[in-house]
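Asks: what's the 3D shape of this:
(one chain, ligands or ions: 1)
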Amino acid sequence: MILPIYIYGSSVLKQKALEITPDYPNLDQLIKDMWETMYYADGVGLAAPQIGLSIRMFVVDGKDLSEDRPELKDFKRLVINPRLLEESQETVVYQEGCLSVPKLYADVERPISVKLAYLNEKFEPVEEWFHGMAARMVQHEFSHLEGELFVDRLPPIRKKMIQGKLHAMARGEVKTFYKTKIVQ
Ligand code: NI
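Replies: Numbering: from 1, shown residues only. This next block holds a predicted model:
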């Protein structure tokens, strides 16, 4: 089932999400719905808070970016209860966007590599290093679980410049082809 995506201005996007256990209600269906919702909205990642659930889970699929970045062709992960173990000193700037912050893109600086501990779909523990664009994708989604959006990482002067757009977004004035929701 395709779910509505919560938009900037929704309080769930600002909350630190909680870990889940394998008995979380309807988890299999929820995971299916997250994939379906992400693909429908043409996203490359989706975190549970973006569908209104403050739990530590996200999905990413780099396939749509693999024309320019072949290493992402098979980069597809379901990540549950992630913890950040290590990050590189070296950083890189990439332009980011977000289904919860529609039609707004900005350069964001983040570490070039990160190591996460997480659980996979079978609730088996995994420790994995991510590099380059894969690292960027998981860090963006991980931030959602910490209650942070990419626009929160912008320098104050940049954030001031987009303030008008963000206010309009929070009022529901930015139209998207996918279903959205704002719950303050
Ligand atoms: Ni996002």
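
Asks: tell me the contacts of the most centrally placed residue in the chain?
Replies: With distances taken as CA atoms, centre = their mean, residue 141 lies nearest the centre of the chain, 2.9 Å away. When contacts are counted by CB atoms under 8 Å, 6 or more residues apart in numbering, residue 141 is found next to 45, 46, 47, 58, 59, 60, 79. C-betas here are computed from N, CA, C, even on glycine.

Asks: give me that answer again for 7 Å
Replies: Residues in contact with residue 141, defined by CB atoms under 7 Å, 6 or more residues apart in numbering, are 45, 47, 58, 60.

Asks: hmm, which two among the residues you listed are most spread apart?
Replies: With distances taken as CB to CB, the most widely separated pair in those is 47 and 60, at 9.3 Å.

Asks: that older thread, next, give phi and psi for the nearest residue to the residue nearest to the centre of the chain once chain neighbours are set aside.
Replies: When the adjacent residues along the chain are set aside, residue 141 lies closest to residue 58, with 3.8 Å between them (CB to CB, 6 or more residues apart in numbering). Phi and psi for residue 58, reported as degrees, to the nearest 10, are phi -150, psi 160.

Asks: and the one 5 residues further on, by the same measure?
Replies: Dihedral angles of residue 63 (phi, psi; degrees, to the nearest 10) stand at phi -50, psi -40.

Asks: list the buried residues in whichever strand or helix holds residue 110.
Replies: The secondary structure element spanning residue 110 is strand 101-111 (assigned by DSSP states H and E). Buried residues in strand 101-111, counted by 16 or more other CB atoms under 10 Å: 101, 102, 104, 106, 108, 110, 111.

Asks: for stretch 43-54, same thing?
Replies: Burial within stretch 43-54, assessed by neighbour count using 16+ other CB under 10 Å, is assigned to 43, 44, 45, 46, 47, 48, 49, 50, 51, 53, 54.

Asks: same thing with stretch 68-88?
Replies: Neighbour counts over stretch 68-88 (16+ other CB under 10 Å) mark 72, 75, 77, 78, 79, 80, 81, 82, 87 as buried.
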